[in-house]
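1. With the input below, show me the fold.
(chains A, B, C and D)
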Protein chains: 2
Amino acid sequence: MAPSTEQPTLRRDAARNRDKIVAAAREAFADHGVDVGVDVIANQAGVGVGTLYRRFPTKESLIDAIIDELFEQVSGLAHDSLDAEPPESGFAGYLRGVGQLQVDHIGCLSRLWNHTGHAEARKELEATVRRLLHRAQDAGLVRRDIAYPDISVILWSLRGVIEATAPVAPDQWQRYLDLVLAGLRPSDQPLSRPALTGPQVDRVFAIHRLRARGARSS
Amino acid sequence: MAPSTEQPTLRRDAARNRDKIVAAAREAFADHGVDVGVDVIANQAGVGVGTLYRRFPTKESLIDAIIDELFEQVSGLAHDSLDAEPPESGFAGYLRGVGQLQVDHIGCLSRLWNHTGHAEARKELEATVRRLLHRAQDAGLVRRDIAYPDISVILWSLRGVIEATAPVAPDQWQRYLDLVLAGLRPSDQPLSRPALTGPQVDRVFAIHRLRARGARSS
DNA sequence: CGTGAACCGGAGCGACCCCTCCGCTCCGGT
DNA sequence: ACCGGAGCGGAGGGGTCGCTCCGGTTCACG
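-> Numbering: from 1, shown residues only, chains lettered A, B, ... in the order given. Okay, the predicted model is just below:
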């Protein structure tokens, strides 16, 4: 039952501070983006930066912790969507749910989809979303030549809309998603290009992860 | 014939260097994003940073110059699309053209749409795009309840897709645009939200312009 | 060709930010 | 109550980046 990475039982005040740091980081990242200074986070948590850095050896690792939380919410949402009624509505519900999650974590969007570890958790999420997609296709809501990587592309596009419009019109992305869902409905006009392949999607993740580290390569 | 902002006749070598700086900046921004150091640009242009800063008092003003170029290309593209054959194809052609421009200037995307000045040029572009949109609507290619601000939203979404996928699959955005265009076709299912209003779009621009200046507000 | 103004270059300043270090505090088991 | 050590805070190191300053150079006009 215990996770593989076992903590050597944090002292109680230390655990409390860790929670305060995570909460402060969550809020600060959502409000001001991942570029907020660590001192701002430490201040908001009521601790010193030294305390922060004892628990999270790197600012990046703190970001990862927040993104991990977010990823779990996405996973949970996908699983919940499996129980939607009627079943074929789960697909749209998943997309709408992810949209709302993105709105609630605007500052972190650039990191949401380049998840460091958890390859296995990613596989599971993918399997779930594939099921949602197939159900929608079987019900005639989504054209057959839409593949799983297309969902990633749609979510990237959603990110673009949300990042631009959310501060002004927090629900405008829903109108846009209506349009996309309409575009997904069966049609006899073929698409001009094939879908991304799985490895290509992985490379997109990899590139964005590199870029996130502040690469300044040639 | 002379533009309203008259230059006091730059010395020839100075003009040459200015051009070299702009060319280097265009390339550097496209390749590495707007976060490249000014010394990189100056190096590539074969001049010192001092020379760069004589011509462009701020890195921001250099970025603006590049964005202005890009904006003119968009304007030209919109006008060219007016002559498309058949006329109702101009709308899709415009969107595809803007997509390609975005691919060619990936690093600048975050700045493309928050254009500082030229309110009048913006108005003209808007008028042109409105005509393209109306033609497509009259031809039955686009549903009637799509308004001009929806085009901005679509371009923001396109930006999200391009930023994510272009390094791996430079033309994947076209598949995605196919879907959006399909979603724009007439339908009797209403959209769940109204379009953005003009002032809302302006506020989106304003907010992003502020954010670009590196604001670290509360 | 001579002259003065415009121009050039790059070392260096200041601001910012991530992270470390070390003297002090306070938890918690005995 | 006592004590060992985990935990704490925040000043400052190290690095980056935008921008400035000024001695030397080059252009263009008379």
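
2. Please report how far the residue nearest to A:D171 when sequence neighbours are not counted lies from DNA strand C.
-> Once its chain neighbours are removed from consideration, A:D171 has its nearest residue in B:R193; the separation is 5.9 Å (CB to CB, 6 or more residues apart in numbering or on different chains). In this view, the C-beta of every residue, glycine as well, is placed from N, C-alpha and C. When distance is defined by CB to the nearest atom of the strand, to the nearest Å, B:R193 is 36 Å away from DNA strand C.

3. swap in A:T128?
-> Noted for A:T128: a distance of 34 Å to DNA strand C, by CB to the nearest atom of the strand.

4. and the closest residue to that residue other than its chain neighbours, what does it touch?
-> Counting by CB to CB, 6+ apart, A:A78 is the residue found nearest to A:T128 once chain neighbours are left out, at 4.3 Å. Contact criterion CB atoms under 8 Å, 6 or more residues apart in numbering or on different chains gives A:Y94, A:L125, A:T128, A:V129, A:L132 as the residues in contact with A:A78.

5. Chain A against DNA strand C: which residues are in contact?
-> Those residues of chain A that sit near DNA strand C, judged by CB under 7 Å from any atom of the strand, are A:11-13, A:35-39, A:49-50, A:53, A:57-60.

6. Can you flag the buried ones in these?
-> Among those, the ones that count as buried by 16 or more other CB atoms under 10 Å in any protein chain shown are A:V36, A:V38, A:K59.

7. confidence score at the closest residue to the first one other than its chain neighbours?
-> Just to be clear, that refers to A:V36. The spatial neighbour of A:V36 that comes closest, neighbours along the chain excluded (CB to CB, 6+ apart), is A:A28 at 4.8 Å. The predicted local confidence for A:A28 comes out at a pLDDT of 96.

8. The helix or strand containing A:A23: which residues count as buried?
-> Secondary-structure element containing A:A23, defined by DSSP states H and E: helix A:12-32. Of the residues in helix A:12-32, those scored as buried under the neighbour-count criterion (16+ other CB under 10 Å) are A:17-18, A:20-22, A:24-30, A:32.

9. and which of those residues is nearest to A:H105?
-> A:A30 (5.1 Å; CB to CB).

10. ok so, going back, I'd like the average pLDDT over the strand or helix carrying the residue nearest to A:T128.
-> Using DSSP H and E, A:A78 sits in helix A:59-82. Rounded to a whole number, the mean pLDDT of helix A:59-82 is 95.

11. I'd like the distance between the closest residue to chain B within chain A and B:W113.
-> For chain A, the residue positioned closest to chain B under CB to the nearest CB is A:G160, at a distance of 2.3 Å. Between A:G160 and B:W113 the distance, using CB to CB, to the nearest Å, works out to 11 Å.

12. Looking only at neighbour counts, state which of those two leads.
-> Here A:G160 and B:W113 are set side by side on neighbour count (other CB atoms under 10 Å in any protein chain shown), and the busier one is A:G160, at 25 against 20.

13. Surely the more buried one touches B:E163?
-> Yes - with contact defined as CB atoms under 8 Å, A:G160 and B:E163 form a contacting pair (7.4 Å).

14. Report the separation between A:G48 and DNA strand D.
-> Look at A:G48 and DNA strand D: by CB to the nearest atom of the strand, they are 2 Å apart.

15. On the three-state scheme, the nearest residue to that residue once chain neighbours are set aside is what?
-> The spatially closest residue to A:G48, leaving aside those adjacent along the chain, is A:A42, at 5.9 Å (CB to CB, 6+ apart). In terms of secondary structure, A:A42 is helix; the call rests on DSSP: H, G, I helix; E, B strand; the rest coil.

16. ok, so of the buried residues of helix A:12-32, who is nearest DNA strand D?
-> Using CB to the nearest atom of the strand, A:N17 comes nearest to DNA strand D of these, at 3.6 Å.

17. re earlier: element containing the residue nearest to A:D171, please.
-> Going by DSSP H and E, B:R193 is not in any helix or strand.

18. Return the residues in contact with it.
-> B:R193 makes contact with A:D171, A:Q172, A:Q174, A:R175, A:D178 under the criterion CB under 8 Å, 6+ apart.

19. got a list of what A:I106 touches?
-> Residues A:A30, A:G33, A:I162, A:E163, A:A166, A:P167 are the ones in contact with A:I106 under the rule CB under 8 Å, 6+ apart.

20. May I see the buried ones among the residues of chain A next to DNA strand C arranged in a markdown table, with distance to A:G183 as well?
-> Conversion of these to a markdown table gives the following (distance: CB to CB, whole Å):
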| residue | distance to A:G183 |
| --- | --- |
| A:V36 | 37 |
| A:V38 | 42 |
| A:K59 | 39 |
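
21. Make TSV from these and add distance to DNA strand D to it.
-> Supplementary listing: these in TSV, determined by distance: CB to the nearest atom of the strand, whole Å:
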residue	distance to DNA strand D
A:V36	15
A:V38	9
A:K59	12
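
22. tell me the secondary structure for A:P186?
-> Secondary structure, three-state DSSP: A:P186 is coil.

23. My guess is it contacts A:A139. True?
-> No - counting by CB under 8 Å, A:P186 stays clear of A:A139, with 10.5 Å between them.

24. Give me the contacts around the host helix or strand of A:V201.
-> A:V201 is located in helix A:198-212, with elements delineated by DSSP H and E. Residues from elsewhere that reach helix A:198-212, judged by CB under 8 Å, 6+ apart: A:60, A:110-111, A:113-116, A:148-149, A:152, A:196, B:164-165, B:167-169.

25. which one among those gets closest to A:Q102?
-> Within those, distances to A:Q102 taken as CB to CB reach their minimum at A:W113, with 10.1 Å.

26. Leaving out sequence neighbours, find the closest residue to the closest one.
-> In space, and not counting its chain neighbours, A:W113 is closest to A:F205: 6.5 Å by CB to CB, 6+ apart.

27. And for A:G33?
-> Across the structure, with CB to CB, 6+ apart as the measure, the residue nearest A:G33 apart from its sequence neighbours is A:G107 (3.9 Å).

28. any idea how far that neighbour lies from B:S157?
-> In this structure, A:G107 lies at 19 Å from B:S157, with CB to CB as the measure.

29. If you count surrounding residues, which of the two has more?
-> Counting neighbours by other CB under 10 Å for A:G107 and for B:S157 shows that B:S157 has the greater number, 29 against 19.

30. roughly how far apart are the more buried one and DNA strand C?
-> With distances taken as CB to the nearest atom of the strand, B:S157 is found 29 Å from DNA strand C.

31. pLDDT below threshold where in chain A?
-> Residues of chain A meeting the criterion pLDDT under 70: A:1-8, A:114-117, A:213-218.
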